[in-house]
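Trainee: 3D model of this:
(one chain, ligands or ions: 2)
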Amino acid sequence: MIAAIQEVTGRITPPDEQAALRAVLRLNSLTKPPGSLGRLEELAVRLAGISRDEQPSYGKRMVVVMAADHGVCSEGVSAFPQEVTIQMAYNFLNGGAAVNVLARQGDAEVRFVDIGINGDIAHPQLIDRKVRRGTDNMAAGPAMSREEAMRAVLVGIQVAQEAVQDGAELLITGEMGIGNTTASAAVLCALEGIPAEAAAGRGTGIGDERLQHKITVIERALEVNAPNPADPIDVLSKVGGLEIAGLAGLIIGAAALRIPVILDGFISGAAALVAKALAPESTAYMIASHVSGEQGHKLMLDRLGHTALLDLGLRLGEGTGGALCLHFIDAVSRIMREMATFESAGVSASESV
Ligand SMILES: Cc1cc2ncn([C@H]3O[C@H](COP(=O)(O)O)[C@@H](O)[C@H]3O)c2cc1C
Ligand SMILES: O=C(O)c1cccnc1
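Mentor: Ligands and ions are numbered 1, 2, ... in the order given. Below is the predicted model:
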């Protein structure tokens, strides 16, 4: 199974430098002082390189919400009970979650994948790719087997391939899974050698006492399992989650298919760290939409080498920040296509600086 993953990571090539250069030249020809559109210009250049087009635009975009449960919930690490995952599943499938609203506003489709919910869901829109019914409690032993972690990564790769077959030109990572900020923090600790107290945050809104407990649970999980930082599948299987593994696969799949993958918050960040460990070249296809209010997210983005576009204090996940970022991506597309050049508008260029 590792060979199937490596076959995909082996297909990731760097973005097109020529297209990126053409985007720089075009930006400098537009009726504005050079660089005056700030970070939007950086975004334009990166998207041009990724999409191999100096005027990139994205017709069909999809938010992929991977959902799974976490055995570590039995340690009391979330402000909400585990059943909320399956209850929210129906809310996503019926279009009522925050990300459904923001995706509609950003003209994106939401695909909801059950990769490991602890229960049965019946809904016509469900993409059922359940690898197992939730993980085991990582504070007592491995969250899942190595084989299950690899299967979940392959699910993500396959979902990316299907999305592109169905016309997707851009993917956004989304997730649902009560307890998943604990697993994501543990992945950050294991892969990057960050102490639990710097990696763990309040998730759904736990208080000081429960946060201290969450930190000790993460420390125990790391001690009991001793995940190997040089082996991302080992880290996923011991202290990760099924949706984290699935999103890592989705990111790798998007990079291999040369389409941009918009990262959402903390859980997406953990998946991106796994993707980076499996395929360092995949980071070139990632766009960091926002920096979450969850402690540790900024650290993740630093390790990924990305700066977030937005800082709105979001701490929801689901793909919400990623969906909001579509407005900036569309703004960039229109600037590259619709703005006049100095030449076409008859405007004098700068004399000297
Ligand atoms: C109603 C509700 C909707 C959500 N949508 C996303 N999350 C977010 O919160 C959870 C992670 O936080 P923790 O690790 O503290 O459990 C994940 O499901 C994440 O997607 C939600 C959480 C709740 C309660
Ligand atoms: O940043 C996130 O993705 C996040 C933060 C808190 C809870 N759920 C998700």
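Trainee: Now for R46, which secondary structure element holds it?
Mentor: Following DSSP states H and E, the helix or strand that holds R46 is helix 39-51.
Trainee: Quick check: next helix or strand after that helix?
Mentor: Beyond helix 39-51 in the direction of the C-terminus, DSSP H and E gives the next helix or strand as strand 61-68.
Trainee: strand partners of that following strand, parallel vs antiparallel please.
Mentor: Next to strand 61-68 in the sheet, as set by DSSP bridges, lie strand 109-116 (parallel), strand 170-176 (parallel).
Trainee: To H123, which of those strands lies closest?
Mentor: Smallest distance to H123 across the strands paired with strand 61-68 (CB to CB): 8.3 Å, for strand 109-116. Placement of C-beta: from N, CA and C, glycine included.
Trainee: my read: G240 touches V187, true?
Mentor: Yes. With contacts counted by CB atoms under 8 Å, G240 reaches V187, the gap being 5.3 Å.
Trainee: Residue numbers of this structure in contact with ligand 1?
Mentor: 78-80, 84, 88, 175-182, 203-204, 316-318 (CB under 6 Å from any ligand atom).
Trainee: Which segments of the protein make up each domain?
Mentor: The chain breaks down into these domains under automatic domain parsing: 2-56+334-345, 61-330.
Trainee: Dump those domains into JSON lines; add mean pLDDT as well.
Mentor: Rendered in JSON lines, the data for the domains of the chain read as follows (pLDDT from 0 to 100):
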{"stretch": "domain 2-56+334-345", "mean pLDDT": "98"}
{"stretch": "domain 61-330", "mean pLDDT": "98"}
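Trainee: Please identify the deepest-packed of the ones you listed.
Mentor: Neighbour counts averaged per stretch over those are highest for domain 61-330, at a mean of 22; criterion: mean count of other CB atoms under 10 Å.
Trainee: Look up the closest residue to I194, ignoring the ones flanking it.
Mentor: Nearest non-adjacent residue to I194, counting by CB to CB, 6 or more residues apart in numbering: L188, 5.4 Å away.
Trainee: what about whichever residue of the chain sits closest to ligand 2, distance to G322?
Mentor: Using CB to the nearest ligand atom, G265 is the residue of the chain that sits closest to ligand 2, at 2.3 Å. In this structure, G265 lies at 8 Å from G322, with CB to CB, to the nearest Å as the measure.
Trainee: who touches both of the two?
Mentor: Common neighbours of G265 and G322 (criterion: CB atoms under 8 Å, 6 or more residues apart in numbering): H290.
Trainee: Do you have the helices of the stretch 201-350 of the chain handy? List them.
Mentor: If DSSP state H, counting those that start in this stretch is used as the criterion, the helices of the stretch 201-350 of the chain fall at 208-225, 232-239, 242-256, 266-278, 297-304, 320-338, 342-345.
Trainee: Now those in TSV, please, with extra columns for distance to L25.
Mentor: Converted to TSV, the helices of the stretch 201-350 of the chain look like this (distance: least, CB to CB, whole Å):
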stretch	distance to L25
helix 208-225	48
helix 232-239	38
helix 242-256	26
helix 266-278	30
helix 297-304	28
helix 320-338	11
helix 342-345	12
